[in-house]
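Trainee: structure for the following, please:
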Amino acid sequence: MDDFNASKPIYLQLADRINRQIVSKELKAGEKLPSVRDMGIKYSVNPNTIQRTYSELEREGILETKRGQGTFVTEQEDRLVQQRDHLKHEQIQLFVQVMQEMGYSSLEIISGLKDHLHKFDKGDE
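Mentor: Residues are numbered from 1 along each chain as shown. Here you go, the predicted structure:
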């Protein structure tokens, strides 16, 4: 789990992981995150990298640091809904961009996506 992509800063990759955990409700609103030190050990990275990750997510309004208590997922549900929506649009944009670069038209993308989701809903995948 500590394999990182060299083309993107580790702190941003960790921020993405935490965001996905929050969006998928693996981490819940108000939940305490591991300490900077513990998280550094978990991912085999310098605690300064974790601190930068936490600071970035705090700047985005996703995490809150409570002096003497630790770092927590924000309890502001509207902010979490907004983040979930943002991540959805970001992933859709990346998907569409890759498909268009491969030469697929919008209709082909929509048709392929519908087919895939239909098979997924039936349990074929």
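
Trainee: just the element for Arg37, please.
Mentor: helix 36-43 (DSSP states H and E).

Trainee: which residues touch that helix?
Mentor: The contact list for helix 36-43 (CB atoms under 8 Å, 6 or more residues apart in numbering) reads 1-2, 14, 33-34, 46-47, 49-51, 53-54, 71. All C-beta spots, glycine's among them, are computed from the backbone N, C-alpha and C.

Trainee: so which of these are in strands?
Mentor: Taking DSSP state E, the ones among the contacts of helix 36-43 that sit in strands are Thr71.

Trainee: off-centre distance for the helix holding Arg37?
Mentor: 18 Å (CA atoms, centre = their mean, to the nearest Å).

Trainee: for that helix, buried residues please.
Mentor: Val36, Met39, Gly40, Tyr43 (16 or more other CB atoms under 10 Å).

Trainee: how about the helices of the chain, start to end?
Mentor: 10-23, 36-43, 47-59, 77-101, 106-122 (DSSP state H).

Trainee: sorry, back to before: can you pick the most crowded of the contacts of helix 36-43?
Mentor: Highest neighbour count within these: Thr53, with 28 neighbours (other CB atoms under 10 Å).

Trainee: contacting residues for that residue?
Mentor: Tyr11, Leu12, Leu14, Ala15, Ile18, Met39.

Trainee: okay if I get these as a markdown table plus distance to Arg59 and pLDDT?
Mentor: As requested, those are arranged in a markdown table below (distance: CB to CB, whole Å; pLDDT from 0 to 100):
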| residue | distance to Arg59 | pLDDT |
| --- | --- | --- |
| Tyr11 | 12 | 96 |
| Leu12 | 12 | 95 |
| Leu14 | 14 | 97 |
| Ala15 | 10 | 96 |
| Ile18 | 13 | 96 |
| Met39 | 17 | 96 |
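
Trainee: perfect, that will be all.
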